[in-house]
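Novice: Sequence below, structure please.
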Amino acid sequence: MNCSKSNHDQNTQNNNRNLLFHLHEDPALEDFLNVCRICATIADEVCPIFYEHSQCDDIAGKINQYLPIKVSKEDGLPQVICVQCQSTILAWDELVKCSVQANMVLQQKLSVMRLLDPEKAEEEIVESTKPPIETT
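Specialist: Prediction:
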C-alpha cells in the first residue's frame with residue numbers, strides 16, 4: 001500500500017508542478033482579471049467575489065465557509081470566480097441549507113412519534129436502517 005500511496009503523492013506533485021509551470025507561462029494570468037480564484041481557469045464570464053449588492057449571493061462568505069481556502073480583498077489573489085465555480089458554491093450552499101432543514105423536520109417527526117407511540121417509533125427506526133433488499 002505504501003508504494004501506491006507514494007506513486008499517488010508523486011503524481012500529485014508532478015501535476016502541481018505542471019500547473020504552476022502553466023500558470024507561470026500564461027500571460028493572461030498576470031493581471032488576474034479573468035482568473036477564477038477557486039479553479040485558476042481563465043474565464044470569459046466571471047462573478048466578483050466581493051460584491052456590494054446581493055447579485056452574487058455573498059460568494060466570499062460561502063467560499064470561506066465551505067472551501068479549505070480563505071479569501072479576502074487584501075490577499076492579492078484573483079477577486080473573481082468562474083460561472084461554473086459560482087454555480088457549484090451556490091448548489092453546495094443550497095444542499096447544506098436543505099439538509100439542515102430536512103434534519104430538523106425528521107427530528108421533529110421522530111420526537112412526535114416517540115411521544116405518541118414509543119414502541120412503534122423504535123420499530124420504524126429499525127426498519128428504516130435495514131439495508132435494501134438486493135434483487136438479481
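Novice: can we go C-alpha only for contacts and neighbour counts from here?
Specialist: Will do.
Novice: Domain-wise, how is this structure divided?
Specialist: 1-30, 32-100 (automatic domain parsing).
Novice: just checking, next helix/strand downstream of the lowest-mean-pLDDT helix or strand in the chain?
Specialist: Within the chain, no helix or strand scores below helix 2-25, which has a mean of 51 by mean pLDDT, DSSP states H and E. Note on helix 2-25: by DSSP states H and E, the next helix or strand toward the C-terminus is strand 46-48.
Novice: What helices and strands are in contact with that following strand?
Specialist: The contact analysis (3 or more Cα pairs under 8 Å, 6 or more residues apart in numbering; DSSP states H and E) places strand 46-48 against strand 80-82, helix 83-116.
Novice: Show which residues not belonging to the first one make contact with it.
Specialist: With contact meaning Cα atoms under 8 Å, 6 or more residues apart in numbering, strand 80-82 is reached by 33-38, 41-43, 45-50.
Novice: Make sure I have this right: residue 77 is in a strand.
Specialist: No - using DSSP: H, G, I helix; E, B strand; the rest coil, the assignment for residue 77 is coil, not a strand.
Novice: Out of the contacts of strand 80-82, who's the most crowded?
Specialist: Most neighbours among the contacts of strand 80-82, by other Cα atoms under 10 Å: residue 36, with 27 neighbours.
Novice: Hmm, residue 44 and that residue touching each other?
Specialist: No - using Cα atoms under 8 Å as the test, residue 36 is too far from residue 44 to be in contact (10.2 Å).
Novice: circling back to that earlier point, where among the domains of the chain is the average confidence lowest?
Specialist: For the domains of the chain, the weakest mean pLDDT is recorded on domain 1-30, namely a mean of 52.
Novice: one step back: out of the helices and strands packed on strand 46-48, which gets nearest to residue 67?
Specialist: Proximity to residue 67 (Cα to Cα) singles out helix 83-116 among the helices and strands packed on strand 46-48, at 9.0 Å.
Novice: which other helices and strands contact that closest one?
Specialist: strand 46-48, helix 59-66, helix 118-128.
Novice: buried sites along the second one?
Specialist: Buried residues in helix 59-66, counted by 16 or more other Cα atoms under 10 Å: 59-60, 62-63.
Novice: With stretch 71-82 instead?
Specialist: 71, 78-82.
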